[in-house]
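In: Sequence first, then the predicted structure:
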There are 2 protein chains.
Amino acid sequence: MSTIKDVAREAGVSLGTVSNVLNGKPNVKKENKEKVQKAIRKVGFQYNMAASFLRTKTSKNIGLIIPSITNPYYPELARGVSDSARIASLTVFLCNDDRDVSKEHRYVDELLSKGVDGIILVKPQMNLTELQELNRHTALVLVDVGEDIGTEFHVINVCDEQGIIQGMTLLRQYGHKKIAFVSGLLESYSSKCRVQTYRRCLADYGFDYRPEYVISGNYDWQSGYTAARQLMQLDDPPTAIFTSNDLMALGAIKSTLEKGIRIPEELSILGFDDIDMSNLCTPALTTIHQPKYEIGIESMNMLLACMNGETPKNGMKTILETRLVFRDSVGYA
Amino acid sequence: MSTIKDVAREAGVSLGTVSNVLNGKPNVKKENKEKVQKAIRKVGFQYNMAASFLRTKTSKNIGLIIPSITNPYYPELARGVSDSARIASLTVFLCNDDRDVSKEHRYVDELLSKGVDGIILVKPQMNLTELQELNRHTALVLVDVGEDIGTEFHVINVCDEQGIIQGMTLLRQYGHKKIAFVSGLLESYSSKCRVQTYRRCLADYGFDYRPEYVISGNYDWQSGYTAARQLMQLDDPPTAIFTSNDLMALGAIKSTLEKGIRIPEELSILGFDDIDMSNLCTPALTTIHQPKYEIGIESMNMLLACMNGETPKNGMKTILETRLVFRDSVGYA
DNA sequence: TTGTACGCGTTATCAT
DNA sequence: ATGATAACGCGTACAA
């Protein structure tokens, strides 16, 4: 592989000049510029980013750490950051941490040693001090993290509260009073937030809170499947099931359909997330849309701002809106 | 950020010694090793991979280029390479090229300049000479590429032919003679292969080939949706629809269900790929399983072999098997 | 076993 | 506008 040295020799100019044309600096004679470009093609020059990094301290790489790309929620988000990164000529490292703190740490160290210009960390598992430490070392954007996070961080959240309220409002409008809720893993901030808001709505509406109507799932469709089964075996089963994500809603649909229960005539099911498949299944899932792609875009854009130090030292926080998507799985009680 | 120089000073040893402990070389006195490790923690040392790359020419990074992570086929594959990369302490760049040659080129150049140790290129769009050129410059594994590719390449394919035969055999066993086929984008190698095998099976079974039974889709569920609609409006509609991927099959199910056609009683639908959702929909989709995760694993492993030069200069090629997954969308004609 | 000097490819700073 | 040269942080000979 040839270097700018070879190019310089071939073109009969100095190293500095070659570097200048490579970086599009204006102060290069047209003639020399052409000579250099010709030489580049001739010697088969390949730019070496690592060498550049040594001087400039910027790698044009960023890290994206997510639970798992296999979770249907994340491909869209990843695509958002990827597209936005592309525009900024950044390349992205994909890291799946499986919500495992040690994997998360390992990836962070790795990314740091690879000199990324910034990190987008989704659903961080590490503790506050560690996050602060990390925030000092690199540009950092946190996605889907507790409301109580300090203002020193740049964060992107979705308004879970709003989403749940939208869902509960709909169910009440359709005459449902017996509303069950299938939550996600309670370790996660947004999961907890969703259940809490569910309970608050119940109270606001003057509906009874029934412990047997709240089941904690783990985001897999299987857990929605068994949760629905369990709920429908109750002496006084709910008329609507609100699940904390779409996958569990689809599982719930599957299990109730198998039991011969008709949706939405006999049971309403409401999801959360609006993953692609929700529109494809039969009946199409009524759900709360999360702007996953936009979350990706916004995260990357915020990271860019953070990298440019545009936001001094006080954090930024943007909260994206949810939206009800009415399809076929919710009907009158 | 501190360097090994700082560590050396703090520990009171030489640069070389620090380097040796960092790289786990055996020839370091235990006492010094401990001193160094303590110093590393004390000065907050952060290893600089770029500097290392300059000497060693290995970055511990690889590039994965796929059409789009948003296509439900790819997250599993990506997860496979990611998991396998993790074991080898490699980090992966995620690149979506949208089956666009220019994007593909841009990513390849970018990856090369970033000094990746290898590239996994799925569904390459560039021409043979370009691939050969690339193959000379870096470790390269091609995934899902034409049978006629030269032996100088390392390739991983799935046996599309086998898959189609498995599907057609099943449909024949269930008494279907009027079998429609919805293909994918005909630019892709495997798409073409699938249609051709479909036609060959028809001939082998002595069934009529009817042009109106073959519709070309584009892998979206929408194209499966309209294709099925179109097919069922024929004067003599098929009794089974075989689609070239699951997404289109799910679209087909959706549209026929909406028309009140029962599956599988009145119409059988058979998919290809076995994406996650196939099992979740109602009726669950009978389909041809592709080992997507394993493809990812194998690609990465082959790339490792290629990086180590284990396979001299003659290419390697492994073809993974498909498997019929019988669920609820295929019944007797 | 440990220390030293040099090279890796690029950019920044000067001086011209 | 251009050229020469010193950094950047690490690995690796080779010498001690």
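Out: Right, received. Where do you want to start? Source: prediction; values computed, not measured.

In: quick one: the strands in chain A?
Out: A:61-66, A:91-96, A:118-122, A:139-143, A:154-158, A:179-183, A:214-216, A:240-243, A:268-273, A:286-289, A:317-320, A:323-325 (DSSP state E).

In: got those as CSV, with mean neighbour count, distance to B:Pro211 and mean pLDDT columns?
Out: (C-beta placed from N, C-alpha, C; glycine too.) Formatted as CSV, these follow (neighbours: other CB atoms under 10 Å in any protein chain shown; distance: least, CB to CB, whole Å; pLDDT from 0 to 100):
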stretch, mean neighbour count, distance to B:Pro211, mean pLDDT
strand A:61-66, 25, 46, 98
strand A:91-96, 24, 43, 98
strand A:118-122, 26, 49, 98
strand A:139-143, 25, 50, 97
strand A:154-158, 23, 49, 95
strand A:179-183, 27, 49, 98
strand A:214-216, 17, 52, 95
strand A:240-243, 31, 45, 98
strand A:268-273, 28, 41, 98
strand A:286-289, 26, 40, 98
strand A:317-320, 14, 48, 94
strand A:323-325, 15, 39, 98
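
In: Any idea which of those gets closest to B:Cys281?
Out: Shortest distance between B:Cys281 and the strands of chain A, using CB to CB, is found for strand A:268-273: 14.2 Å.

In: residue at max distance from the center of chain A?
Out: A:Gly12 (50.1 Å; CA atoms, centre = their mean).

In: right, and it touches A:Lys38 too?
Out: No - A:Gly12 is not in contact with A:Lys38 according to CB atoms under 8 Å; the separation is 11.0 Å.

In: Could you list the low-confidence segments of chain A?
Out: Residue ranges of chain A with pLDDT under 70: A:310-315.

In: Relative to DNA strand C, which of the strands of chain A is closest?
Out: strand A:61-66 (15.0 Å; CB to the nearest atom of the strand).

In: picking that back up, with distance to DNA strand C added, can I get the strands of chain A in JSON lines?
Out: Listed next are the strands of chain A as JSON lines, based on distance: least, CB to the nearest atom of the strand, whole Å:
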{"stretch": "strand A:61-66", "distance to DNA strand C": "15"}
{"stretch": "strand A:91-96", "distance to DNA strand C": "16"}
{"stretch": "strand A:118-122", "distance to DNA strand C": "19"}
{"stretch": "strand A:139-143", "distance to DNA strand C": "18"}
{"stretch": "strand A:154-158", "distance to DNA strand C": "26"}
{"stretch": "strand A:179-183", "distance to DNA strand C": "51"}
{"stretch": "strand A:214-216", "distance to DNA strand C": "53"}
{"stretch": "strand A:240-243", "distance to DNA strand C": "51"}
{"stretch": "strand A:268-273", "distance to DNA strand C": "43"}
{"stretch": "strand A:286-289", "distance to DNA strand C": "43"}
{"stretch": "strand A:317-320", "distance to DNA strand C": "32"}
{"stretch": "strand A:323-325", "distance to DNA strand C": "45"}
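
In: circling back to that earlier point, relative to A:Ser19, how far out is the residue farthest from the centre of chain A?
Out: Going from A:Gly12 to A:Ser19 by CB to CB, to the nearest Å gives 15 Å.

In: Show the contacting residues for whichever residue of the stretch 51-200 of chain A sits closest to DNA strand D.
Out: Relative to DNA strand D, the nearest point of the stretch 51-200 of chain A is A:Leu54 (3.3 Å; CB to the nearest atom of the strand). Shown in contact with A:Leu54 (CB atoms under 8 Å, 6 or more residues apart in numbering or on different chains): B:50-51, B:54.

In: Look up how far A:Gly115 lies from it.
Out: 9 Å.

In: between the two, what contacts are shared?
Out: By CB under 8 Å, 6+ apart, A:Leu54 and A:Gly115 have these common neighbours: B:Ala50.

In: And the helices in the stretch 101-250 of chain A, which stretches?
Out: According to DSSP state H, counting those that start in this stretch, the stretch 101-250 of chain A carries its helices in the segments A:101-113, A:128-137, A:160-173, A:189-205, A:221-232, A:246-258.

In: The last one: which residues count as buried?
Out: Going back to what we said before, that points to helix A:246-258. Within helix A:246-258, the residues that count as buried by 16 or more other CB atoms under 10 Å in any protein chain shown are A:246-257.

In: Just give me the closest of the residues you listed to DNA strand D.
Out: Comparing the buried residues of helix A:246-258 against DNA strand D with CB to the nearest atom of the strand picks out A:Leu247 as the nearest, at 43.1 Å.

In: residues in contact with the nearest residue to that closest one once chain neighbours are set aside?
Out: Of all residues not flanking A:Leu247 in the chain, A:Trp221 sits nearest, at 4.5 Å (CB to CB, 6 or more residues apart in numbering or on different chains). The contact partners of A:Trp221, taken as CB under 8 Å, 6+ apart, are A:247-248, A:250-251, A:254, B:280.

In: Could you dump those residues into a markdown table with distance to DNA strand C added?
Out: Output for the contacts of A:Trp221, formatted as a markdown table (distance: CB to the nearest atom of the strand, whole Å):
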| residue | distance to DNA strand C |
| --- | --- |
| A:Leu247 | 46 |
| A:Met248 | 50 |
| A:Leu250 | 50 |
| A:Gly251 | 52 |
| A:Lys254 | 55 |
| B:Leu280 | 50 |
